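**Q** Have a look; sequence and predicted model below, questions after that.
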Amino acid sequence: MNNPTHVAIIMDGNGRWAKKRMMPRTFGHKKGSENLRKLSFYIFDQGVKVLSAFCFSTENFKRPQEEVDFLMNLFVEKFYQEFEEYKKKNIKVVFSGRRENLRSDVLDAMDKITEETKDNDRAILNLCLNYGGQYEVIDAMKKVISSGQNIDCLTPEEFMHFFYQDLPPIDFLIRTSGENRLSNFMLYQASYAEIYFPEVHFPDFDEKEFDKALDIYHKRDRRFGSIKEK
Ligand code: IPE
Ligand code: IPE
Ligand code: MG
């Protein structure tokens, strides 16, 4: 089996990682964001074409305001700091999620990294920010209706073109930190994804852990409903 085309990561456990070190949760978020930068380049070096990373869910707005503010500030800082590196490495950065409820400086930083990397074609980093899988389906439905497309003949594959980003389905979904749930992440796109729940917290999910994950992926038997391996 080939390496996956689309890998998705639910980057969970930043808070617990920090707590274990007697540090504030925000320290874990900082470490997690540094890890994503490094790990994303490694993952693209393995031939993966799309990496979707869950950065902030629509439900994460329920967290204390200081933590939400810290995360939003971190996003702004990172997008301005990192756009040149993504640009140089020919990685296109895109976003999935609702723009409403996001601060204007966050939207500006998102627009900056999107604009700077829009012509890149080696791979795609899809950052899911203010993202909820259920909202994505609702928002896609609205787009279908306003496009005038005949819903009676809409196929599941065609429906995916109406999502926030037009991406292939997820082959391999990883959620770090031992929680066995999707927490509203890409429910539709993960229909036939192989799913892996490592115990390690996201800041410790490094290149070695990804290699381990890939080995596990290669041992899986993807059948897509048929009786033979595809
Ligand atoms: C994931 O880590 C990052 C975000 C949700 C923004 P958490 O903050 O959920 O860390 P834990 O799960 O509380 O350890
Ligand atoms: C999912 O993690 C969201 C992100 C990783 C960005 P959460 O920590 O928010 O999920 P729950 O609350 O444990 O389900
Ligand atoms: Mg969590």
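**A** Received the coordinates, thanks. Ligands and ions are numbered 1, 2, ... in the order given.
**Q** can you pull up the bridge partners for the residue nearest the centre of the chain?
**A** For the chain, the residue lying nearest the average C-alpha position, counting by C-alpha atoms, centre = their mean, turns out to be A53 (1.9 Å). Applying DSSP bridges to A53 gives these bridge partners: I9, L127.
**Q** is it true that it touches I124?
**A** No - with contact defined as C-beta atoms under 8 Å, A53 does not count as touching I124 (11.1 Å). The C-beta positions use only the backbone N, C-alpha and C, and glycine is treated the same way.
**Q** circling back: OK, contacts around the residue nearest to the centre of the chain?
**A** Counting by C-beta atoms under 8 Å, 6 or more residues apart in numbering, A53 touches 8-9, 11, 36, 40, 125-128.
**Q** And the residues you listed, which is closest to F162?
**A** Comparing these against F162 with C-beta to C-beta places N126 closest, at 15.5 Å.
**Q** roughly how far apart are that closest one and Q189?
**A** N126 is 10 Å from Q189, where distance means C-beta to C-beta, to the nearest Å.
**Q** Can you pull the residues that touch both of these two?
**A** Jointly contacting N126 and Q189 under the rule C-beta under 8 Å, 6+ apart are 52, 167.
**Q** Tell me the residues on this protein that lie near ligand 1, please.
**A** Contacts of the chain with ligand 1, taken as C-beta under 6 Å from any ligand atom, map to 11-16, 56, 60, 71, 177.
**Q** Look up how far R220 lies from D211.
**A** 16 Å.
**Q** do the same with F44
**A** 22 Å.
**Q** Pick out whichever of these two has more residues nearby.
**A** Neighbours per residue, other C-beta atoms under 10 Å: of F44 and R220, the larger number sits with F44, 20 against 14.
**Q** Burial check on the closest residue to the more buried one other than its chain neighbours, number of neighbours?
**A** Excluding the flanking residues, the one nearest F44 by C-beta to C-beta, 6 or more residues apart in numbering is A123, at 4.5 Å. Using other C-beta under 10 Å, A123 is surrounded by 21 other residues.
**Q** ok, now the one 3 residues further on?
**A** Here the count is done by other C-beta under 10 Å, and N126 has 22 residues near it.
**Q** Need the pLDDT of M1.
**A** We have a pLDDT of 83 for M1.
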